[in-house]
Every structure is written in C-alpha cells, then in structure tokens.
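Novice: Here is the input, now give the coordinates:
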Amino acid sequence: MNSGLQDGAMALRELALNGLRQGNVVLAEQYFAQLLEVAPDDVEALQFLASRHFQRGDASRAMAMLQAAAKAHPDNANTLHQLGATQMAAGDLPGAAASLRRCLDRAPDHFVARLRLGNVLEQLGDTHGALLAYFGAVNTAQSQGRWMSDATTAAGLQEAVKHAMRFIDAGRHRTFDAVLEPLRQRYGRSELARVEQCLAIYLGAQPANLPDPRQKPKFLYFPGVPSQAYYPTSRFPWQAELEAATDMVREELRAVLAENDTLQPFLGEQSTEQLEGYLGASGSTAAAWDAYFFYRHGERFDEHHARCPRTSALIDSLPLVRIADHGPEILFSVLRPGTHILPHRGVTNTRLVTHLPLIVPPDCAINVGGELHEWKEGRCVTFDDTFEHEAWNRSDATRVIVLMDSWNPDLTEVERVAVTDLVEAIGVFNRASEVPVPAG
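Specialist: Numbering: from 1, shown residues only. Alright, predicted model coming up:
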C-alpha cells in the first residue's frame, strides 16, 4: 500500500473509531466499509463488519468476512475466536471446534474460547473432550482472578460458566471414581474407605476438617491418619541401614562437591527478585540452595547414579514412593552459608520427607510447625511437610543432607496403590486439560 493509501486508511479508521466513541455504530460501519475498500485485508474492519452482519442475521456473510480475515492474518487469535463463535451460533459445530482450537493454539490462555470449545464438544457428544476444555477454561480464568463469582464473571457468560462448573464436578467425579473401581473389585470397598474420602475432599465434595490447623496440604489431603509434625525413626525400619551408610554416602558426596559445576539450583534458574518469598539471606552473600538430584519428580538422573554408585545402590534398595511425575524425589540438598529457606508447605500428607544429615555446621536447623529440630550427622529426621516449615544455615560453612520422600507409614499397602493410581490419573487429566500439575 502506497503512502497516500496508507494515509487514507488511517483517516478512515480514525473516523470509524470516532463514530464508536460517540456511540454512532451506523457511522462507524460506514467508515469501516470504506476502509475495507482501501484495505481489503484490514482485520479490524473485517471483524467489526462481520459482527454487524451477524447481528442482522446474515451469518454466512459474517463467516465469509471472518474467514477472509483469518486467511490474511492466520495468527490473529481474536479473529479465530470470533469465527468460532459465529460458526457455533450458525450451527457449524465441527467448523467452530476447528476455529476455536486454532485460536487456542495461538492463545492458550484465552479462557472464553476454551469455554466455547467445551460447549461445542459437549454438543458434538464428545463428553470427555468437553470436560477437559471446561476444566481448562475455568482454571485458566480463575488463575487470573476471573469467574470466582458473579461479580468477576461477565453477565453474558454467567450461565455458561455455571453450567461448565456443574459439568466439571460431575465429570471429574466420574473420571476418578472409575480409577478406583478396579481396586474396589479386587480389594473390597472397605479397604478403600479413606481413599474415597480423600478423593471427595480433593474434589471439594466434602470439607477436609484438618485436625491440626498448622497442616495445610497444597494438593491432596489423606484423612484418618495422625497429624504430627515429626515421625519417630522407629516407624521406618529401613532408616537404620541408611544411617549406617552415612560415612560411605558422605565420601561420595565430597567427590561431588569437589566438582561444583555438577550442582544446580533446587528452585531452578531464577533471578534474585523471583527468589523473594522462597529464599532469604542472613548476610551479605546471596542465598543459595543447590541440589544434586538422583530423582526429581520421578525422573532418574542416570549420570548422577553412575557417579555415586554405592549411594545409588542404597537408594534403589529403599521402599521409595514411585508415582509418575511426582516421586521419588531424592537428592543431596546443599544449603550455602547464610541461606534461609523461607516458610512453605508441601503438597500431600500421603508421603513424608526424610533428611539424612551428612555435613552439619553449627547453627543449622529446621522448624516444622513451630517445632525446632537441629540436624545431627548420621541421624535421620522425618517430617510431614504439609505443616509449614523452614530451614536455615546461619553458619559460615555449607550444610548438606540427603533429602528423600517416603510413604506415610499410616497408609496401608492397598491405600498406597490407590493413591498412586489416583495421583497419576489426576496428572494425566490435568495435562490433557492444560492445567498445571502439582509437583511433589
């Protein structure tokens, strides 16, 4: 477009927008129509004129204009959303689904488009696809402070959002109940009574009624087990073997520490600003919490196992929590001088956290639920990290422990199997609906 045409197009756009500012939709339409004669691919003009044609009942012309806009501007998510909504209203459900999916490919956080996709899929009979789309829509919206109530939901969407929430409640219950059914058939319903209650709490069907106000799991609360900050070593017979191997594990640790570049930040690569609220420093040196992972969210670090073969053999002989994308979680946890791991909570009380202290300078401790514990080299400590907890190293030397998770000993073997299946199913469901999966 030459400069003269560009100037003309800009003038027409301003006249159209000025008409809108004045509330004169007819005048705006006239100028946008003139703009389209000068610039046939102008996306703003095509979108506006398409909406006007649709309001007058001419859906076919509206779709033609929006398809032209989508062809000229294939990455414009708003055009694809408008096209999908128009196709949906016109009864072209397969076309609407395709357009809305293209919109979401370009703008995954477009929760209204995802809500509409759920409605389209529901009408097409794809119940599971609709459930995933609705769940993703509501979670994305609520993560941005929307759809929390009528006050945070556009009036025109309130009924659709409420319908989606009812659909989600029924669909998730049906989905996760089906995960437990084979276990009911195999072990009997009574063996799964606490798991059934755990699922009901997760789905919001009943309150958690936590017995200790200090305990607040971020993801999954398992009822009917004692709430306590620390657990005695006697509950974990395997810890005797772990403690007896302290010198051997520490020897392999020292070889790792000599190669400092093998460590990585436990919280990932983040700026000082991003670490605020997670780490604090008691001195002038920057806070640092490093890790040498043997397992991270269930992923095995083969190179690290090969580098520490005796520690690896010991670790793999232990009764570990094995849940896809969650466990085991085992590492050398390296807390640098002056570092304070600020108060935080874990995701579930179905598993506990064990520390085997290897190098502990003075003035290092952990506080779980207001109960202080000072590490002692070679002596395991196990705690429930769904209680608020913090740890610090106020010395001028590095503190190192083995950090690992293990099953809560108050779960039965059947309950452990059920929790594994249930958590993995929740992970699969969340990923399919593009909702973040709680780690732990």
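
Novice: So which residues of the stretch 1-150 of the chain form helices?
Specialist: Here the stretch 1-150 of the chain has its helices, by DSSP state H, counting those that start in this stretch, at 3-21, 25-38, 43-55, 59-72, 77-90, 93-106, 111-123, 127-143.

Novice: Distance to Ala397 and mean neighbour count added to those, as TSV?
Specialist: The C-beta positions use only the backbone N, C-alpha and C, and glycine is treated the same way. Conversion of those to TSV gives the following (distance: least, C-beta to C-beta, whole Å; neighbours: other C-beta atoms under 10 Å):
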stretch	distance to Ala397	mean neighbour count
helix 3-21	66	14
helix 25-38	71	18
helix 43-55	62	21
helix 59-72	62	19
helix 77-90	53	22
helix 93-106	51	20
helix 111-123	50	24
helix 127-143	41	21
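
Novice: got TSV for those, with distance to Arg214 and mean pLDDT too?
Specialist: Output for the helices of the stretch 1-150 of the chain, formatted as TSV (distance: least, C-beta to C-beta, whole Å; pLDDT from 0 to 100):
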stretch	distance to Arg214	mean pLDDT
helix 3-21	56	78
helix 25-38	59	84
helix 43-55	54	89
helix 59-72	54	91
helix 77-90	45	95
helix 93-106	41	97
helix 111-123	35	98
helix 127-143	27	96
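
Novice: quick one: contacts for Ile201?
Specialist: Listed by C-beta atoms under 8 Å, 6 or more residues apart in numbering, the contact partners of Ile201 are Pro207, Ala208, Tyr221, Pro223.

Novice: Buried ones only from the residues you listed, please, as a ChimeraX command.
Specialist: Here is the ChimeraX command that selects the buried residues among the contacts of Ile201 (16 or more other C-beta atoms under 10 Å):
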select :208,221,223
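
Novice: Would you mind checking which of the contacts of Ile201 is nearest to Thr354?
Specialist: Nearest to Thr354, judged by C-beta to C-beta, of the contacts of Ile201 is Tyr221 at 20.4 Å.

Novice: measure the closest one to Arg351 for me?
Specialist: Between Tyr221 and Arg351 the distance is 12 Å, computed by C-beta to C-beta, to the nearest Å.

Novice: Then Ala130?
Specialist: Ala130 sits at a distance of 33 Å from Arg351 (criterion: C-beta to C-beta).

Novice: Also Val321?
Specialist: From Val321 across to Arg351, the span is 5 Å (C-beta to C-beta).

Novice: Show me the common contact partners of the two, please.
Specialist: Gly327, Asp405, Ser406, Trp407.

Novice: re the thing from before, can you tell me which of the contacts of Ile201 lies nearest to His53?
Specialist: His53 lies nearest to Pro207 out of the contacts of Ile201, by C-beta to C-beta, at 51.3 Å.
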